[in-house]
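Novice: with the sequence up front, the predicted model follows.
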Amino acid sequence: MALDSGQTALLRNEREGTYWQPFTANRMLRANMEPRTMVSAQGAYYTSSEGVRLFDTLSGLWCTPLGHAHPRIVEAVRRQAETLDFAPSFQLTHPGAISLAERIADMAPEGMNHVFFANSGSEAVDTALKVALGYHRIKGAGNRFRMIGRERGYHGVGFGGMSVGGIVSNRKMFAAGMMSGVDHLRHTYEPEHMAFTRGQPTWGKHRAEDLVRLVTLHDASTIAAVIVEPVQGSTGVIVPPVGYLQRLREICTANGLLLIFDEVITGFGRMGENFGAQRFGVTPDIITFAKAVTNGIVPMGGVIVTDEIYNTFMTGPENAIEFCHGYTYSGHPMAAAVGHVVLDVMREEGLVARVRELEPVLEDAIHGLKDMDVIADIRNIGLTAAIDLKPAADKPGARGAALFEAGLRGGLLLRCTGDTVSFGPPFISTAQELRDMVSTLRRLIIEVCC
Ligand code: PLP
């Protein structure tokens, strides 16, 4: 459905900058570009305001694995709005939140049976950090205040998530407001040892020993938790080396540190298992989730914690609030209703198993680009992948930006950050759609880079 010129002018945001877009070069967008506006979406495709049908190569922002406008979700939203559109979340609840928590706990690794709801990945991360601090304090170890994140980690944009995050551009403007006592592990991505690896690299387990160094430097008695994404998604699908996450787990256990897996991207099937924890065979103490739990239709996030953590919080006076934390919209009825349908559809349509079937298809297709001189690296795991374009001389990021623009004309909605292009297609994609995505990508790369 193409828009008429009046509608397009409106979309051009004629009241300059009234809508200040997130993570966007707003002035560049307004000065140089046609509006990048999606006007509808069905299944695995968006339609742009220019009437172009675009394959959704990143499931929105990693969050719509079931595709768009799923009829059962649409119906669930309508029904829930008619029945119970809001219920206060403090001191009260509603049946959908309780039963969704139970279903999520059933999907989690053994011994992780307690779910606290938030509304986004950033809120989930801040919740996890607060759970870790509270847990140690109740245990009489309130001096465990430090958090360890990892270079290149993305944990959202709250003050907690920003502080443990490891993306320089997201940190430097706000350095004055960082949480104190945060340190970082080195990242595990060294292309000279792992470029063009399919799945997990065999090099890099030793980088987990960084944690031993930080424990020695700060003393374990001052550290509350370590937070990592099992696969670093936002910085371009950086896959954990074989044995790395296991070694982090050993070091955390030996030193009384909580291990938090930020599974905002890897949770709910994207790794071909319910959670990355199961894919990599490592059980953390806390898992954060968001995005796919509601297929991106309404916001929801949360944390799953172990029995040990929950039971520790439940040891204080019975009439006192155990965890002074929560959001107006925690466990929102609309989100809970959608969460139930998402889990129903995932189970009935076998979508987690489907990810396992599609993983080798995506892997073979994307690594088929290896012959292109302009590509510096290709990585993949589960239903995720990334390619790095070699930066154009003196213009890092220019090739990624050009490719993004070409995609909008050529039928692919691409996620380009700098010269890295990340992929996380919907679980409902067919094998042929994934192959077509990669052959269109090859054509577009030739068009803009060669
Ligand atoms: N944590 C991870 C691992 C993420 O990938 C993201 C978003 O991409 C977040 C946290 C933040 O989520 P949100 O944008 O919903 O706050």
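Specialist: Cool, got the structure. Numbering: from 1, shown residues only.
Novice: I'd say Val157 and Gly121 touch.
Specialist: No: Val157 lies out of contact with Gly121 (C-beta atoms under 8 Å); the separation is 9.1 Å. C-beta here means a position set from N, CA and C on the backbone, and glycine is covered the same way.
Novice: who's more crowded, the two?
Specialist: Gly121 (30 against 17; other C-beta atoms under 10 Å).
Novice: list the residues that contact that one.
Specialist: Under the criterion of C-beta atoms under 8 Å, 6 or more residues apart in numbering, the contact list for Gly121 reads His155, Gly156, Gly161, Asp262, Val264, Thr288, Ala290, Lys291, Gly301.
Novice: distance of the first one relative to the ligand?
Specialist: His155 sits 5 Å away from the ligand when distances are taken as C-beta to the nearest ligand atom, to the nearest Å.
Novice: Thr266 now?
Specialist: In this structure, Thr266 and the ligand are separated by 8 Å, where distance is defined by C-beta to the nearest ligand atom.
Novice: before we move on, back to that, among the contacts of Gly121, which two are most distant?
Specialist: Taking every pair in the contacts of Gly121 and measuring C-beta to C-beta, the maximum separation is 14.2 Å, between Gly161 and Lys291.
Novice: so what's the residue count around the nearest residue to Ala87 once chain neighbours are set aside?
Specialist: Leaving aside its chain neighbours, Ala87 sits nearest to His94 (4.2 Å; criterion: C-beta to C-beta, 6 or more residues apart in numbering). The number of residues packed near His94 is 19, by other C-beta under 10 Å.
Novice: tell me who's in contact with His94.
Specialist: Contacts here follow C-beta under 8 Å, 6+ apart; on that basis His94 touches Leu84, Ala87, Gly331, Pro333, Ala336.
Novice: turn those into TSV, including secondary structure, distance to the ligand and pLDDT.
Specialist: Shown next, in TSV, are the contacts of His94 (DSSP: H, G, I helix; E, B strand; the rest coil; distance: C-beta to the nearest ligand atom, whole Å; pLDDT from 0 to 100):
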residue	secondary structure	distance to the ligand	pLDDT
Leu84	coil	24	98
Ala87	coil	22	97
Gly331	coil	16	98
Pro333	helix	19	98
Ala336	helix	17	98
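Novice: near the ligand, which residues of this structure?
Specialist: 120-122, 125, 154-156, 229, 233-234, 262, 264-265, 290 (C-beta under 6 Å from any ligand atom).
Novice: 8 Å instead, please
Specialist: By the criterion of C-beta under 8 Å from any ligand atom, the positions of the chain lying close to the ligand are 61-62, 120-125, 153-158, 161, 229, 232-234, 262-266, 288, 290-291, 299, 301.
Novice: filter these down to the ones in helices?
Specialist: Leu61, Trp62, Gly121, Ser122, Glu123, Ala124, Val125, Gly161 (DSSP state H).
Novice: what's the nearest residue to the residue of the stretch 251-400 of the chain found nearest the ligand if we skip its chain neighbours?
Specialist: In the stretch 251-400 of the chain, no residue comes nearer to the ligand than Val264, which is 3.5 Å away by C-beta to the nearest ligand atom. Distances taken as C-beta to C-beta, 6+ apart place Gly121 nearest to Val264, at 3.7 Å, with adjacent residues excluded.
Novice: same question, Ser234
Specialist: The spatially closest residue to Ser234, leaving aside those adjacent along the chain, is Tyr154, at 3.7 Å (C-beta to C-beta, 6+ apart).
Novice: and what of Arg79?
Specialist: Ala337 (7.2 Å).
Novice: cool, Val39 as well?
Specialist: Ser49 (5.3 Å).
Novice: and what of Val157?
Specialist: Here the nearest residue to Val157 in space, its sequence neighbours aside, is Ser122; by C-beta to C-beta, 6+ apart that works out to 5.2 Å.
Novice: tell me the contacts of that neighbour?
Specialist: Neighbour list for Ser122: His155, Gly156, Val157, Gly158, Gly161, Gly301 [criterion: C-beta under 8 Å, 6+ apart].
Novice: now for the contacts of His94, which pair is the farthest apart?
Specialist: Between all members of those, the farthest pair (by C-beta to C-beta) comes out as Leu84 and Gly331, at 11.9 Å.
Novice: what sits in contact with each of the two?
Specialist: Between them, Leu84 and Gly331 share the contacting residues His94, Gly96, judged by C-beta under 8 Å, 6+ apart.
Novice: who's more crowded, the two?
Specialist: For Leu84 versus Gly331, the count of surrounding residues by other C-beta under 10 Å is larger for Gly331: 25 against 15.
Novice: want to throw the ones in helices among the residues of the chain next to the ligand into TSV with pLDDT and distance to Ile104?
Specialist: Compiled in TSV, these are given as follows (pLDDT from 0 to 100; distance: C-beta to C-beta, whole Å):
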residue	pLDDT	distance to Ile104
Leu61	98	21
Trp62	98	18
Gly121	98	15
Ser122	98	19
Glu123	98	16
Ala124	98	12
Val125	98	17
Gly161	98	21
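Novice: the ligand: which of those is nearest?
Specialist: Distances from these to the ligand were compared by C-beta to the nearest ligand atom; the smallest belongs to Gly121, at 2.2 Å.
Novice: the helices in the stretch 301-450 of the chain, which residues?
Specialist: In order along the chain, the stretch 301-450 of the chain carries the following helices (DSSP state H, counting those that start in this stretch): 307-313, 333-348, 351-367, 398-410, 431-449.
Novice: doesn't Val282 make contact with Leu245?
Specialist: Yes: shown here, Leu245 and Val282 form a contact pair, counting by C-beta under 8 Å, at 4.5 Å.
Novice: identify the contacts common to the two.
Specialist: Counting by C-beta under 8 Å, 6+ apart, the common neighbours of Leu245 and Val282 are Pro230.
Novice: between these two, who's got more neighbours?
Specialist: In this view Leu245 and Val282 are compared by other C-beta under 10 Å, and Leu245 has more residues nearby, 25 against 21.
Novice: the more buried one belongs to a helix?
Specialist: Yes: residue assignment for Leu245, taken from DSSP: H, G, I helix; E, B strand; the rest coil, places it within a helix.
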